[in-house]
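Trainee: Pasted the sequence and its predicted model underneath.
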Amino acid sequence: MPNTKAVVVVRHGERLDYIMRDRGENWIPTTDRPWDPPLTENGKQQANALGMALPSMLKTLNLPSIAAVYSSPFHRCRQTAAELCASDDKLKVQVELGLAESINQNWFRSWAIEGTDGTWGYGKKECPDANDLDPSKLHPLSRQPVQPLLDWKQGAMDEELEKKMDVEYESKSSVETPYSLHPPLFENYNVQRKRMHEALSQLSELHNNETIMLVSHGGPVTHLYESLTGNNWNLHGVSKYCCYSIYQQEEGDDKWKPLVVNQVLGQEAEPTEEEDAASNPQKEFTWA
């Protein structure tokens, strides 16, 4: 019997900073980790509901149940992953650095620019060149290599989340370039896409004839679709909260077959008017 591999790729659930921003509040000044917002309670419920529904989906597709859960180091993804496997005591969340957010200029601006409210690319219209930013008005940690910000063990972790984390697990993937906002050094699209694909390749090699789950962010999830299938991202479309895709790879095949693409439990995953990126393949990613 040939070896097959399957992966469920999920974007994190609803994030608190965006919800507060949209109702005229600002989460950023309330925390000492402005780059690492948590989920809302609704976001946790989104992930939990998807986790409850996945076993029957996988059975319908004739795929094995989830054997391992891997997550970006960011709080919102770890919370999502924990909720996705909350009903299975055998599963723990294992953090993979290669599943992290896109470490680009827009990400840094969302939390490190003076006055930011979490908006992706904050202040770029007024000052598009990062070289022109006043270093004294930037968050101090944006002027240092990014690696300490990816240390999830220093982040928030309530009792329930801690129970689901595999604290002994060591990431197979890494982020080695010392990205920073000042001096400007950013991860580009090609590097991020390659990082995500390599993380999946490393992990899937450990799970022949098994299904694994990866929890990441909007841009990385969408870029992974491009990389796995060879298709343009507009065939995937905008990644909404807790969207999921399921892929399968047969032995000897370089490509992954998409079985389910960019679905949201209980609704169709169509672009909003604000984010109608599917009609414009050249539009810059804005999801985090």
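Mentor: All right, it came through fine.

Trainee: Output stretch 213-232 as CSV, restricted to C-alpha atoms.
Mentor: C-alpha atoms of stretch 213-232 as CSV (Å, rounded to 0.1, in the frame of the first residue of the first chain):
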residue,chain,number,x,y,z
MET,A,213,-3.0,19.8,11.5
LEU,A,214,-1.2,23.1,11.0
VAL,A,215,-2.5,26.4,12.6
SER,A,216,-1.1,29.6,11.2
HIS,A,217,-2.1,33.1,9.8
GLY,A,218,-4.0,34.5,6.9
GLY,A,219,-1.1,35.3,4.5
PRO,A,220,1.0,32.1,5.3
VAL,A,221,-2.1,29.9,4.9
THR,A,222,-2.9,31.3,1.5
HIS,A,223,0.8,31.3,0.4
LEU,A,224,0.9,27.6,1.4
TYR,A,225,-2.0,26.9,-0.9
GLU,A,226,0.0,28.4,-3.8
SER,A,227,3.1,26.5,-3.0
LEU,A,228,1.4,23.1,-2.5
THR,A,229,-0.9,23.2,-5.6
GLY,A,230,1.0,25.4,-8.0
ASN,A,231,-2.2,27.5,-8.4
ASN,A,232,-2.5,31.3,-8.1
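
Trainee: Run through the helices of the chain in chain order.
Mentor: 16-22, 41-60, 75-84, 105-112, 159-164, 189-204, 218-229 (DSSP state H).

Trainee: What residues of the longest one count as buried?
Mentor: If I follow you right, that is helix 41-60. G43, K44, Q46, A47, N48, A49, L50, G51, L54, M57, L58 (16 or more other CB atoms under 10 Å). Backbone N, C-alpha and C define where each C-beta goes, glycine included.

Trainee: Contacts for stretch 150-163, please.
Mentor: Contact partners of stretch 150-163, identified using CB atoms under 8 Å, 6 or more residues apart in numbering, comprise 33, 36, 38, 73-75, 78-79, 82, 95, 97, 100, 148, 165, 167, 175.
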